[in-house]
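S.K.: when you get a sec, could you give me coordinates for this:
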Amino acid sequence: MSHRVGVLGATGAVGQRFVQLLDGHPTFELACVTASDASAGDSYAEAAKWRLDTPIPDEVGELTVRETSAEALPDDLDLLFSSLPSGVAAEVEPDLCEAGYVVSSNSSNDRLADDVPLTIPEINPGHLDLIEVQRDERGWDGALIKNPNCSTITMVPTLAALTEFGLERVHVSTLQAVSGAGYSGVTSMEIIDNAVPHIGGEEAKMETESRKLLGEFDGAELTHHDAEVAASCNRIPTIDGHLENVFAELADDPSVDEVREAMASYPGADLHSSPESLIHVFGADHPERPQPRMDRMRGDGMQVVAGGVQPTPRGVKYNCLAHNTIRGAAGASVLNGELLADTGWL
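M.R.: Here you go, the predicted model:
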């Protein structure tokens, strides 16, 4: 079954990824794009300063950009994908849900709200049932679902694989690509020949979102995982692909081979955009991997890559990597949309 969808904030960096990923999608037909009021009325090809390495799909380039409001949208859309700035999204998304639209959003607002599903389909698809709680509490006919921050989504699949060993504490240091800040987010003079050991709000997102994603939903209330998480986030001069150094303390004492096998065998989801193997794991013969330039496009940019697994006195340490604007942003929202369609919420 085909679903007509729209992209909110379609001219930005993540919005352009949405357009790219939806081109030729077997389930979703992109029928509407929105942007700021200044772009409304222009064709998408005119409004978008296209930055990606594939051309704008012809049929999308001809779409007229609409204002980002419930009044400006057609009423026959089954799903909206949101890449709005969080301040704008906090105002617009609830209005759209109240008007009956289902919104799969990459924006950071409301990710930690008690009644908003924060979902990675391979990790916690059952959290989608929070939509029933959300509709009861807010009186919405629509629904709001979120994917996590790009740095969180890189780490959490590997942590989910480690929960069988009793995950107790996590320390992570990130090496994050400049595209995570948007096209104009980091100036060339700031990042070339440099590294910036601070990304505003990023550490708190990793420390809280990860515990929500790994938490338990009993049908009425979601309880966060009790592991302690501490993060240090750094911007480095790579274009795409967040690399992270993770130190996980475990109640059990698994071998390195057991840890690798737990990650490599962690199941994907039976959805179009989910890779067959969620986590690719490099063995001891490739201690230098993963690397952003070499590994970010594995699984069409939707696979998490891990390597450098070594024992520590209290658990293991390893590196993990994911493409931050595909698996970490637009691709994650599209995958959540596929989950919504597959489970009958559209």
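
S.K.: and the helices in this protein, which stretches?
M.R.: Counting by DSSP state H, the chain has helices at residues 13-22, 44-47, 58-61, 86-98, 130-138, 150-162, 188-191, 202-213, 256-264, 292-295, 331-342.

S.K.: what sits against the residue lying closest to residue 221 once chain neighbours are set aside?
M.R.: Sequence neighbours aside, residue 114 is the residue nearest to residue 221 in space, at 7.6 Å (criterion: C-beta to C-beta, 6 or more residues apart in numbering). For glycine as for every other residue, the C-beta is placed from the backbone atoms N, C-alpha and C. Applying C-beta atoms under 8 Å, 6 or more residues apart in numbering, we find residue 114 in contact with 133, 221-222.

S.K.: show me the domain layout of this protein.
M.R.: Residue ranges for the domains of the chain, per automatic domain parsing: 3-149+329-342, 150-323.

S.K.: strands of the stretch 51-200 of the chain, residue ranges please.
M.R.: 66-67, 79-82, 102-105, 143-146, 167-176 (DSSP state E, counting those that start in this stretch).

S.K.: same list (these) but as CSV, adding mean pLDDT.
M.R.: Output for these, formatted as CSV (pLDDT from 0 to 100):
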stretch, mean pLDDT
strand 66-67, 96
strand 79-82, 98
strand 102-105, 98
strand 143-146, 98
strand 167-176, 98
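
S.K.: residue 9 is nearest to which of the ones you listed?
M.R.: Shortest distance between residue 9 and the strands of the stretch 51-200 of the chain, using C-beta to C-beta, is found for strand 79-82: 6.6 Å.

S.K.: give me the neighbour count for residue 235.
M.R.: Here the count is done by other C-beta atoms under 10 Å, and residue 235 has 23 residues near it.

S.K.: wait, what's in contact with the closest residue to it other than its chain neighbours?
M.R.: Among residues not flanking residue 235 along the chain, residue 196 sits closest, at 4.2 Å (C-beta to C-beta, 6+ apart). Applying C-beta under 8 Å, 6+ apart, we find residue 196 in contact with 186, 190, 234-236.

S.K.: to residue 271, which of the strands of the stretch 51-200 of the chain lies closest?
M.R.: Within the strands of the stretch 51-200 of the chain, the stretch nearest residue 271 is strand 102-105; the backing value is 12.8 Å (C-beta to C-beta).
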